[in-house]
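Visitor: sequence-free structure coming up:
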Ligand SMILES: [Zn+2]
Ligand SMILES: [Zn+2]
């Protein structure tokens, strides 16, 4: 196997997390300035899987981002998804857990405090579940697109960024 067709993919790295945190802090500061009070800075990570771009976890004050979608267009993803999820946490902090998730309170936080257009849907590609292929390295599972799966069948080796082991196809179960 030549060096040229070994590529590292799959896991978010520290740089990605720093970018996400920087965007989060920018919007968090906007919210604090607008409302004239402090909000606890949420935890942010790339633990979101599946078809959701991100989720807001109120009890943990946590924002989970979808790394599969982040990779398609990192800047656009962060500018869209981070304020959307942060606005959920702020709206629930200000108005309590009984408000509708995308109701008027959330919309006002988006428009007035964060200067974002409130949209409840995203435009990032969400591969159909049957178009993802399950792979494994030494440390975790990876989901690959059919494009990468086909390249592996033709001889490309993908390495996990974390453990540097090649990804191997695993059966569905
Ligand atoms: Zn939402
Ligand atoms: Zn690994």
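Guide: Looks like it came in fine. Just so you know, these numbers come straight off a predicted model, no measurement behind them. Numbers count the residues shown, from 1 in each chain. Ligands and ions are numbered 1, 2, ... in the order given.

Visitor: Show me the residue at the heart of this structure, geometrically.
Guide: By Cα atoms, centre = their mean, the chain has its centre lying nearest to residue 65, at 2.0 Å.

Visitor: List of residues touching the helix or strand containing that residue?
Guide: Residue 65 is part of strand 62-66 when elements are defined by DSSP states H and E. By Cβ atoms under 8 Å, 6 or more residues apart in numbering, the residues outside strand 62-66 that reach it are 20, 24, 42-50, 52-57, 77-78, 81-82, 85-86, 89, 124. In this view, the C-beta of every residue, glycine as well, is placed from N, C-alpha and C.

Visitor: Give me the buried entries from those.
Guide: Buried members of those, counted by 16 or more other Cβ atoms under 10 Å: 20, 24, 42, 44, 46-48, 53-56, 77-78, 81-82, 85-86, 89, 124.

Visitor: In helices only, show me these.
Guide: Judged by DSSP state H, the buried ones among the contacts of strand 62-66 include 20, 24, 77, 78, 81, 82, 85, 86, 89 as members of helices.

Visitor: In TSV, list these along with distance to residue 148 and pLDDT.
Guide: Compiled in TSV, these are given as follows (distance: Cβ to Cβ, whole Å; pLDDT from 0 to 100):
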residue	distance to residue 148	pLDDT
20	23	97
24	29	98
77	19	95
78	23	97
81	23	96
82	26	97
85	28	96
86	32	97
89	34	96
